[in-house]
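K.L.:
Show me the folded form of this:
(one chain, ligands or ions: 3)
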Amino acid sequence: MNGLELELEDGFRASRLFSQGFSYTYDDVIMLPHYIDFPADAVDLSTRLSRRIRLSIPCVASPMDTVSESSMAVAMASLGGAAIIHSNTSPAAQASLVRSAKSRRTPFVHGSSVISGSDAIIRTFDEVLPAAVVTDSNKQPIGVVARSDWERLEDKDVPVSTYMRSAPPPVPAKYDFEEVAAFLAKEKLGHAPLVDEDGEVIGVISIEDIERIRGFPKLGKPSLGRDGRLLTGASIGTREDDKERLEQLVKAGVDVVVVDSSQGNSVYQLEMIKHAKKSFPELDVIGGNVVTIAQAQNLIQAGVDGLRVGMGSGSICTTQEVCAVGRGQATAVYKVSSYAKDHNVPVIADVYEYQGGRRVKKYRGMGSLEAMTKGSDARYLGDTLKLKVAQGVVGAVADKGSVLKFIPYTMQAVKQGFQDLGASSLQSAHDLLRSSVLRLEVRTGAAQVEGAVHGLVSYEKKPF
Ligand SMILES: NC(=O)C1=CN([C@@H]2O[C@H](COP(=O)(O)OP(=O)(O)OC[C@H]3O[C@@H](n4cnc5c(N)ncnc54)[C@H](O)[C@@H]3O)[C@@H](O)[C@H]2O)C=CC1
Ligand SMILES: O=c1[nH]c(=O)c2[nH+]cn([C@@H]3O[C@H](COP(=O)(O)O)[C@@H](O)[C@H]3O)c2[nH]1
Ligand SMILES: [K+]
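P.N.:
Ligands and ions are numbered 1, 2, ... in the order given. The predicted structure follows:
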């Protein structure tokens, strides 16, 4: 490059920016705008979760016990993304969460809407649910309790049988949203039990649900598995008994598994990947987590169909503090994907930036003492490890409301950002990054302050 070219060079190509010996994260880096010749709505965000699984939006809910169970799996797949159901529970319980997600077609929230046994006593009622269904020991519906009836009770210490009403006709879970709405309207019902193919209750649906979902942005193209049902992922660990877990998950119909570890490049994980690929060649297996090319290389050689990237960068993570190991997330994603793309292996950038929100809800790291005590003790109290050291915290995050609203708005913001870059699709953004058309710079501390809201005495940040 001659002197004049150097002088006119504007910003850095990614390969140069990420090779300076710094561990950058997203806030450190800013992308320079390019040229717009298409509307933001035309941006195509479709991508791959793993070698053989396509998503219409690049969003995956993490395998954490405060995040991904069956309702999240159904909601994420309905939006065109995916969720990975956590494994901090018994294999049978996790397989049943997968089965429940697989049996549903609509993102109704069920929470604690199923009460087992007519002698049960309801002490608290889920705040978003208008009703709960009472079931017998075979999980068949025997009654229904409206929240208003429960609220009117003077003495709440009585069995539900004393005030429940008879169960209305059940709605098959295989119905789509419009079919459910039509069923409730035809039967003139405010709420009804939702049942799977065996007639077992999996939740309750209500008119309020229908209205709530109608008030959200229109659902996009859903993610479907090969069985035509909503795509459902699940995580496994790398212990011997995870082989049995894997088998149960496959029987339950799981579409993709994530081998979930903070340091994926281990003999344990390599063996588990090989075992999974050999036993279930049709199942896509995502490995991780990794943050370097060498780690990715090993997992790809072992046969992974996708990689999860991130170590210690999560909001609840203390790994970098406790172990002094990890990597800034922007550098990690750039480096791993630079290698993985040549091997046709998609990469998931693990970790999300949380902003805004008013109410809070519980959120904890899977390496926190509390999560370990609930299920993953074995990970920390193995044959040689006798002392538990947490690598995560228990806390609260701001509640953003329903993912059915939050994700479509977030995706719209991503589309607007891509438009500024001149990237009409996610693939085109990747191509621009690699072709060095996309220019980046590191933001100084002052530039980061300038880029955020500043200089106001007070303000309200309402993202949408
Ligand atoms: N992405 C991140 O930065 C981090 C994530 N986490 C999350 O916390 C949870 C637990 O992660 P980890 O602590 O990495 O769990 P892990 O089960 O992968 O590892 C825990 C310990 O068990 C050992 N181990 C694993 N398989 C073994 C086997 N078959 N035989 C003997 N020893 C074995 C590992 O070497 C490690 O010392 C996961 O959900 C993970 O995603 C935790 C810390 C950091
Ligand atoms: O160091 C850690 N200790 C933990 O206890 C822990 N639990 C989860 N994770 C990882 O963090 C990711 C979620 O990150 P965010 O809260 O930023 O979305 C998740 O997707 C995980 O990869 C942990 N990391
Ligand atoms: K962290």
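K.L.:
Point out the residues in the protein that sit beside ligand 2.
P.N.:
For the chain, the contact set with ligand 2 under Cβ under 6 Å from any ligand atom comprises 62, 64, 289, 310, 312, 314-319, 350-352, 365-368, 391-392. Just so you know, the C-beta spots here come from the backbone N, C-alpha and C atoms, and that holds for glycine as well.
K.L.:
what about 5 Å?
P.N.:
Contacts of the chain with ligand 2, taken as Cβ under 5 Å from any ligand atom, map to 62, 314-315, 317, 319, 350-352, 365-368, 391-392.
K.L.:
Just put the residues you listed in CSV and tack on distance to ligand 1, pLDDT and neighbour count.
P.N.:
Formatted as CSV, the residues of the chain next to ligand 2 follow (distance: Cβ to the nearest ligand atom, whole Å; pLDDT from 0 to 100; neighbours: other Cβ atoms under 10 Å):
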residue, distance to ligand 1, pLDDT, neighbour count
Ser62, 8, 96, 22
Gly314, 6, 90, 22
Ser315, 11, 88, 14
Cys317, 5, 90, 22
Thr319, 4, 91, 22
Asp350, 6, 93, 24
Val351, 8, 78, 22
Tyr352, 12, 69, 14
Gly365, 6, 89, 24
Met366, 3, 91, 28
Gly367, 3, 89, 23
Ser368, 8, 88, 21
Gln391, 4, 88, 21
Gly392, 6, 89, 24
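K.L.:
got the end-to-end distance for stretch 415-431?
P.N.:
The straight-line separation of the ends of stretch 415-431 (Cα to Cα, to the nearest Å) is 16 Å.
K.L.:
List the buried residues in that stretch.
P.N.:
Of the residues in stretch 415-431, 415, 418-419, 421-426, 428-429 count as buried by neighbour count, 16 or more other Cβ atoms under 10 Å.
K.L.:
Of those, which are in range of ligand 1?
P.N.:
Contacts with ligand 1 are made by none of the buried residues of stretch 415-431, judged by Cβ under 5 Å from any ligand atom.
K.L.:
which of the residues you listed lies closest to ligand 1?
P.N.:
The nearest member of the buried residues of stretch 415-431 to ligand 1, counting by Cβ to the nearest ligand atom, is Leu426 at 23.0 Å.
K.L.:
The closest one and Thr47 touch, don't they?
P.N.:
Yes. Counting by Cβ atoms under 8 Å, Thr47 is a contact partner of Leu426 at 5.0 Å.
K.L.:
How is Ile121 assigned, secondary-structure-wise?
P.N.:
Applying DSSP: H, G, I helix; E, B strand; the rest coil to Ile121 yields a three-state assignment of coil.
K.L.:
Might one say that it is in contact with Pro159?
P.N.:
Yes. Ile121 is in contact with Pro159 according to Cβ under 8 Å; the separation is 6.0 Å.
K.L.:
picking up where we left off before, so which of the buried residues of stretch 415-431 sit within helices?
P.N.:
Assigned to helices by DSSP state H, the following of these qualify: 415, 418-419, 421, 426, 428-429.
K.L.:
Reformat those residues as CSV; add pLDDT.
P.N.:
Listed next are these as CSV, based on pLDDT from 0 to 100:
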residue, pLDDT
Lys415, 97
Phe418, 97
Gln419, 98
Leu421, 97
Leu426, 96
Ser428, 96
Ala429, 96
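K.L.:
From those, pick the one nearest ligand 2.
P.N.:
Taking Cβ to the nearest ligand atom as the measure, ligand 2 lies nearest Leu426 of these, at 20.0 Å.
K.L.:
Show me the beta-bridge partners of the nearest residue in space to Ile115 that is not next to it in sequence.
P.N.:
Closest residue to Ile115 apart from its sequence neighbours, by Cβ to Cβ, 6 or more residues apart in numbering: Val134 at 4.7 Å. For Val134, the beta-bridge partners are Ile115, Gly143 (DSSP bridges).
K.L.:
same check, this time on Val259
P.N.:
Beta-bridge partners, per DSSP bridges, of Val259: Ile236.
K.L.:
what's the distance between the residue of the stretch 51-200 of the chain found nearest ligand 1 and Arg364?
P.N.:
Nearest residue of the stretch 51-200 of the chain to ligand 1, counting by Cβ to the nearest ligand atom: Pro63, 6.1 Å away. Distance, Pro63 to Arg364, using Cβ to Cβ, to the nearest Å: 13 Å.
K.L.:
Of those two, give the one with the bigger neighbour count.
P.N.:
Legend: neighbour count by other Cβ atoms under 10 Å for Pro63 and Arg364, higher for Pro63 (24 against 21).
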